[in-house]
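Engineer: have a look; sequence and predicted model below, questions after that.
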Amino acid sequence: MDAFDDVVTALAGSVVHGLTHARVLRAIARHTAAGVRRDLAQELQVSPGAVSKAVLLAKEQGLVEEREPVALRPGRPLVPLSLSPARYAMIGVAIIAGAERPSHLLGTLIGLDGTPFDGFKHPRKYDLKDDDDLSGTLLLNQLDEFIRSLIADFEGLSMAWPDSDRRPRLLGCGLNLSGHVDHDNGIVRSTGWGESTDEWANRDFGPELQKRLGVTVTCDNDVSSLAVRLNLRPREENEDPGDNYALLSVLDYGVGGALVFHDRTRRGYDSMAGEAGHIPVGHVIQAQPDDDNEQPWTPDDVPHCHCEDPEEGSARGHVQAFAAPDSIIARAKAMQLVEGAGPDLLAQLSARPRADRAVSRIFYQGGVALGRSIVSAINWINPGQIVLYLPPALAEKNHYLAGNSYQLGLTTEIAQSAFSVDYSDRLITKSVPEGEMKERLAAAAAYLVLGNLLEKIAEHPRGR
């Protein structure tokens with residue numbers, strides 16, 4: 001039995017309700033400095049005795065540790081709690097996209113408290129073999145090799161631990177990627193890269209890797225995993241969106257979404273919730289040309305994403321065909337507004353003067369498309385807040401630059417179409433550079449392990 005199963009079995013066999021265990025651990029993860037027993041009981045609305053029992057067993061399992069007591073007033077000092085940084089480690093691997101297919105893997109090794117595991121230099125990069133046909137088997141073999149190297153690093157670090165009786169254990173491995181991922185069963189239904197990865201469809205990556213590696217493997221969509229990380233570590237973002245929110249992330253290759261309600265990521269039927277990038281918006285945007293010289297589009301003109309086949313007349317202009325950086329660059333190239341290649345093309349376009357109407361229009365339409373996706377979330381579920389991750393070029397604040405038109409289109413569409421009045425104070429926009437986002441994806445993959453652990457613990461009502 002691996003460490004993951006050991007922990008679930010131990011907590012499921014306690015006298016404390018499994019849901020209480022999970023809620024206490026989640027609250028400690030979210031509020032390290034303030035995680036004292038008294039505050040936890042008040043926040044969770046459970047008895048102090050139940051919290052104390054849950055904390056005691058979590059300490060015995062090495063999940064929780066006490067910090068230095070804090071004397072805030074006369075009497076017994078408060079003892080803050082935190083998840084252990086060293087008793088368990090979690091591996092996270094993100095499959096990072098290139099222009100038309102995955103380009104590399106990014107891996108990390110962290111403790112339960114989210115800090116890098118002792119002595120590990122992260123993140124670690126693994127370049128995928130340059131094969132036009134990146135089959136599921138080929139990818140699995142490379143994932144196997146890379147994760148084994150991370151496990152070997154962990155074992156080397158743990159063997160050097162001074163106290164052999166409290167030697168760290170590997171809790172599991174998390175894996176995320178763009179596309180439709182069946183989180184419950186670890187199956188990749190489809191990917192965000194089109195024909196180059198068609199062979200991955202319905203491949204059970206999670207179970208196959210788990211069988212090969214002998215550790216618990218948790219798989220999920222990339223943006224859903226970002227939501228798991230934000231939900232468990234809001235202080236890393238210097239922002240706590242509460243326990244009911246929507247997360248949207250604009251990545252180079254697409255737009256993704258995730259929903260969090262009552263402190264849990266809600267994935268919907270067959271893990272298909274949060275498809276923020278696949279809402280048809282072409283009919284909305286083409287109906288409003290903003291230039292006297294622009295003609296209404298024919299069906300052949302509508303920008304389409306990888307999941308649409310314009311030859312079969314199915315192109316309806318999904319959100320990410322307008323709003324994703326790669327789509328913006330592709331549209332600009334098609335209009336001969338920019339040439340060349342490289343990671344700076346979007347920034348170059350964004351830095352054009354706003355008077356360049358052709359470029360500004362592309363950014364504006366991208367913002368309108370993303371705004372329509374956000375409006376769908378507002379009008380249907382009205383989350384407490386919406387957290388939006390954008391590349392810096394799409395979060396441009398200078399009103400004299402073309403890139404700012406993206407923000408203008410976004411806010412205009414929300415103001416005109418959202419049912420809730422003045423949603424601006426509930427929209428949290430964060431500018432995240434490309435390199436930082438890739439590191440977040442790797443860390444978010446590791447947090448899938450902790451999120452899965454809490455879900456499994458919560459499923460057990462009472463062991464004895």
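Structural biologist: Structure's in. What do you need? Numbers count the residues shown, from 1 in each chain.

Engineer: which residues touch the residue most central in space within the chain?
Structural biologist: Residue closest to the average C-alpha location in the chain (CA atoms, centre = their mean): residue 226, at 1.8 Å. By CB atoms under 8 Å, 6 or more residues apart in numbering, the contact set of residue 226 is 247, 249, 258, 389, 440-441, 444. C-betas here are computed from N, CA, C, even on glycine.

Engineer: could I get the residues you listed as TSV with pLDDT, distance to residue 22 and neighbour count?
Structural biologist: Formatted as TSV, the contacts of residue 226 follow (pLDDT from 0 to 100; distance: CB to CB, whole Å; neighbours: other CB atoms under 10 Å):
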residue	pLDDT	distance to residue 22	neighbour count
247	90	21	29
249	92	26	25
258	91	19	27
389	95	27	24
440	94	24	21
441	95	25	27
444	95	19	28
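
Engineer: wait, which of the residues you listed is closest to residue 101?
Structural biologist: Nearest to residue 101 among these is residue 441, at 16.6 Å by CB to CB.

Engineer: who's in contact with the closest one?
Structural biologist: Residue 441 makes contacts with 94, 96, 106, 176, 222, 225-226, as judged by CB under 8 Å, 6+ apart.

Engineer: nearest to residue 55, of those residues?
Structural biologist: The closest of those to residue 55 turns out to be residue 225 (CB to CB; 27.5 Å).

Engineer: surely the closest one meets residue 178?
Structural biologist: No - the pair residue 225 and residue 178 fails to qualify as a contact (CB atoms under 8 Å) at a distance of 10.9 Å.

Engineer: the more surrounded of the two?
Structural biologist: residue 225 (32 against 25; other CB atoms under 10 Å).

Engineer: pretty sure that one belongs to a strand, no?
Structural biologist: No - assigned with DSSP: H, G, I helix; E, B strand; the rest coil, residue 225 falls outside any strand and is helix.

Engineer: thinking again about what came up before, check what pLDDT the residue nearest to the centre of the chain gets.
Structural biologist: The model reports residue 226 with a pLDDT of 94.

Engineer: gap between it and residue 443?
Structural biologist: 9 Å (CB to CB, to the nearest Å).

Engineer: break the chain down into its domains, please.
Structural biologist: Listed domain ranges for the chain are 3-84, 88-215+439-451, 244-432 (source: automatic domain parsing).

Engineer: strands along this structure, start to end?
Structural biologist: 64-66, 81-83, 88-97, 102-111, 124-127, 169-177, 179-182, 187-191, 217-221, 244-251, 254-261, 264-266, 385-390, 427-431 (DSSP state E).

Engineer: could you export those strands to a markdown table, including columns for distance to residue 204?
Structural biologist: Below are the strands of the chain laid out as a markdown table (distance: least, CB to CB, whole Å):
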| stretch | distance to residue 204 |
| --- | --- |
| strand 64-66 | 33 |
| strand 81-83 | 30 |
| strand 88-97 | 16 |
| strand 102-111 | 18 |
| strand 124-127 | 22 |
| strand 169-177 | 12 |
| strand 179-182 | 9 |
| strand 187-191 | 5 |
| strand 217-221 | 9 |
| strand 244-251 | 25 |
| strand 254-261 | 22 |
| strand 264-266 | 21 |
| strand 385-390 | 29 |
| strand 427-431 | 34 |
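
Engineer: what's the most buried one of these?
Structural biologist: Burial of these is given as mean neighbour count (mean count of other CB atoms under 10 Å); strand 217-221 ranks first at a mean of 28.

Engineer: who's in contact with it?
Structural biologist: So strand 217-221 is contacted by 172-181, 183, 186-188, 205-207, 209-210, 228, 256, 258, 271, 274, 445, 448-449, 451-452 (CB under 8 Å, 6+ apart).

Engineer: try stretch 376-392
Structural biologist: With CB under 8 Å, 6+ apart as the test, stretch 376-392 has contacts from 226, 230, 237, 239, 241-250, 252, 257, 259, 261, 276, 279, 325, 346-347, 374, 414, 417-420, 423, 426-434, 437.

Engineer: cool, and stretch 397-410?
Structural biologist: Everything outside stretch 397-410 that qualifies as a contact, by CB under 8 Å, 6+ apart, is 349-354, 356, 359-361, 363-371, 374, 393-396.

Engineer: emit the ChimeraX select command for whichever of those residues are buried.
Structural biologist: ChimeraX command restricting the contacts of stretch 397-410 to the buried ones, with burial defined by 16 or more other CB atoms under 10 Å:
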select :349,350,352,354,356,359,360,361,363,364,365,366,367,368,369,370,371,374,393,394,395,396
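
Engineer: re earlier: please report the distance of the residue nearest to the centre of the chain from residue 328.
Structural biologist: 21 Å.

Engineer: sitting in helices, which of the contacts of stretch 397-410 do you find?
Structural biologist: Applying DSSP state H to the contacts of stretch 397-410, the entries found in helices are 349-350, 359-361, 363-371, 374.

Engineer: of those, closest to residue 457?
Structural biologist: Using CB to CB, the ones in helices among the contacts of stretch 397-410 come closest to residue 457 at residue 374, 33.5 Å.

Engineer: please give me every residue in contact with that closest one.
Structural biologist: Shown in contact with residue 374 (CB under 8 Å, 6+ apart): 246, 248, 276, 386, 388, 410, 413-414, 418, 427.

Engineer: tell me which of those residues is nearest to residue 457?
Structural biologist: residue 246 (25.8 Å).

Engineer: isn't that closest one right up against residue 257?
Structural biologist: Yes - the pair residue 246 / residue 257 is scored as a contact, 6.4 Å apart, by CB under 8 Å.

Engineer: now the common contact residues for these two.
Structural biologist: 274, 377.

Engineer: the residue lying closest to residue 53 once chain neighbours are set aside and residue 76, how far apart?
Structural biologist: Closest residue to residue 53 apart from its sequence neighbours, by CB to CB, 6 or more residues apart in numbering: residue 16 at 5.0 Å. To residue 76, residue 16 is 23 Å away according to CB to CB.

Engineer: likewise for residue 322?
Structural biologist: 59 Å.

Engineer: more neighbours: which of these two?
Structural biologist: Neighbour count, other CB under 10 Å: between residue 322 and residue 76, residue 322 has more, with 29 against 8.

Engineer: who are the neighbours in contact with the more buried one?
Structural biologist: By CB under 8 Å, 6+ apart, the residues touching residue 322 are 281-282, 285, 303, 328, 331, 365-366, 368-370.

Engineer: surely residue 82 and residue 59 touch.
Structural biologist: No - contact status for residue 82 versus residue 59: not in contact, 11.3 Å apart, counting by CB under 8 Å.
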